[in-house]
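*Asks:* Next come a sequence and a model predicted from it.
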Amino acid sequence: SGVEELTNNDNIEELLSSLPCEKLWDNYSLYLYQGCWVPSIFLNGVIYIQKHFQARDTDIILASIPKSGTTWLKALIFTIVNRSRYALSEIPLLASNPHELVPFLDNSYMKNRSSIDNLSSPRILSTHVPFALLPHSTVTCNSRIVYTCRNPLDQLVSYWHFLLALYPEQTTMRLFPLEKVFEMACQGVQFYGPFWKHVLGYWKASLEQTGKILFLKYEDLEEDVNFHVKRLAEFLGCPFSVDEERRGVIKAISKLCSFDHLKNLEVNKSGKLPSGHANSTFFRKGKVGDSRNYLTSSMSNHLEKLIEDKLNGSGLTF
Ligand code: A3P
C-alpha cells in the first residue's frame, strides 16, 4: 500500500510506525519494508526512487547488497565505459573515490534529483535494493543491470568491520560484537537483507534476462579480473577492439582498479565523501576468505548450512 500514499512526511511517519523494526543502536534501526531490511537513513530515499526514478534505456545500474564489491565494480564500470573519453592516466578515478563518480540512488536521488536527471548518457548509477524493490522503469526499459555478490561469510565480516569503522562511538566491540551481527544476519536482519533473498532475486532475474542482468561474484573477479573486465565491456555494449587488446588496455584497467592501487591513492587514503565518511573505510583488506580469521568454525558451519538451505534448488552456490 505505502508507496502510492507517500506524498508527505506525515505519511512517512505513519508508514514507519507500521513497519517491523530492529534496532542496531540508539537512533539507528532497520525497517522491514517490502520484505527487505532497509536502514532507517535510506528508507525515505528507497521509497522515493520507487516512486520517481525514471530509468533510461542507456542507464547502467550497479546493484549489490553492501560489502560485496560495489566499490570495485564502480571503479571498473566507470573506467570501462569512459575509456574513450579519458586517457587512463587522466581518468577521474585517480582523483575521486569511486562512490563520488557513480552516485548511489538510494540516498542521492531524493536529496538532489536534478543532479541525476541531468547526467548525460550513459549514466552509471548504483543501488542496494533487492530486485523486487527496483524502481519499475529500471526493470521494464532496456537499461542494463550489473549485480555483484560475495561469499556470505566474507560479506558479513566485511559488513561488521564497516559498521565499526563508520560508527566507532556506537559500535565499540563491547556493544556491537560480531556475535550480535552474526545472529541478526542469520535472521536475515542486515543492511538490505536477508542476504539470500537479495542474491536469489537477481540470480533468478539474470537467468530469465541474460542480456539485461549480468550476475557477478567477487570471488570470480578475484580469480580472473581480466576475463571479467572483457566480459563487462561486452555486456555494457563497448567491447574492446583487437587493437585495444593488443595494447594491453584490459590489463591496464584491471591494474588501475585493483585493491592495492585504489587503496593507496591519496584521495582514498585521506579523502572524505560529502557525507563525511572517510574514503579509506571502503578499502579494508580486499581478500577472499578473510572471514576465517573472525568467525568460529561453528559460526561458519551454521551460516554456510543456512545459506545452502535457502539457495537449495536455485543453482546458485557460494
Ligand atoms: P573487505 O572488508 O573484506 O576488505 P563494497 O564496495 O560493496 O562496500 O565492499 C567492500 C569490500 O570490497 C571490502 O572488503 C573492500 O576492502 C573490498 N574492496 C574495495 N575495493 C576493492 C578493489 N578494488 N578490489 C577488491 N576488493 C575491493
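*Replies:* Perfect, thanks for sending it.
*Asks:* What is the burial count for residue 237?
*Replies:* 12 (other CB atoms under 10 Å). Backbone N, C-alpha and C define where each C-beta goes, glycine included.
*Asks:* How much space separates it from the ligand?
*Replies:* Distance of residue 237 to the ligand, computed by CB to the nearest ligand atom, to the nearest Å: 23 Å.
*Asks:* Where does that residue sit, in terms of helix or strand?
*Replies:* Element membership for residue 237, per DSSP states H and E: none, as it lies in no helix or strand.
*Asks:* Repeat that for residue 74.
*Replies:* Short version, using DSSP H and E: residue 74 is in helix 70-81.
*Asks:* so what secondary structure elements neighbour that helix?
*Replies:* If you count contacts as 3 or more CB pairs under 8 Å, 6 or more residues apart in numbering; DSSP states H and E, helix 70-81 packs onto strand 60-64, helix 98-101, strand 124-127, strand 144-149, helix 225-235, helix 249-256, helix 259-263.
*Asks:* redo that, cut-off 6 Å
*Replies:* Identification of packing neighbours for helix 70-81 by 3 or more CB pairs under 6 Å, 6 or more residues apart in numbering; DSSP states H and E yields helix 98-101.
*Asks:* Near the ligand, which residues of the stretch 151-300 of the chain are found?
*Replies:* Residues of the stretch 151-300 of the chain lying near the ligand by CB under 6 Å from any ligand atom: 154, 158, 161, 257-259, 262, 282-286, 290.
*Asks:* returning to that earlier point: what about the helix holding residue 74, near the ligand?
*Replies:* Yes - Helix 70-81 reaches the ligand (CB under 6 Å from any ligand atom) through 70-72, 75.
*Asks:* So how do I select the buried members of these in PyMOL?
*Replies:* Buried subset of those, written as a PyMOL selection, criterion 16 or more other CB atoms under 10 Å:
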select buried, resi 70+71+72+75
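*Asks:* Show me the two of the residues of helix 70-81 next to the ligand that sit farthest apart.
*Replies:* Spatial extent of these (CB to CB) is set by the pair 70 and 75 at 9.8 Å.
*Asks:* What's opposite the residue sitting nearest the centre point of the chain in the beta bridge?
*Replies:* For the chain, residue 64 is the residue whose C-alpha lies nearest the centre (CA atoms, centre = their mean; 3.3 Å). Taking DSSP bridges, one finds residue 148 as the beta-bridge partners of residue 64.
*Asks:* Quick one: the strands in this protein, in order.
*Replies:* For the chain, applying DSSP state E gives strands covering 21-25, 28-33, 36-39, 60-64, 124-127, 144-149, 213-217.
*Asks:* so what's residue 262 closest to, chain neighbours aside?
*Replies:* In space, and not counting its chain neighbours, residue 262 is closest to residue 268: 5.7 Å by CB to CB, 6 or more residues apart in numbering.
*Asks:* Near that neighbour, how many residues? Count them for me, please.
*Replies:* Residue 268, neighbours per other CB under 10 Å, totals 21.
*Asks:* who's in contact with the residue nearest to residue 116 when sequence neighbours are not counted?
*Replies:* Spatially, and ignoring its direct neighbours in sequence, residue 116 is nearest to residue 109 (5.5 Å; CB to CB, 6+ apart). Residue 109 sits next to 49, 53, 116 when contact means CB atoms under 6 Å, 6 or more residues apart in numbering.
*Asks:* Kind regards, and thank you for your time.
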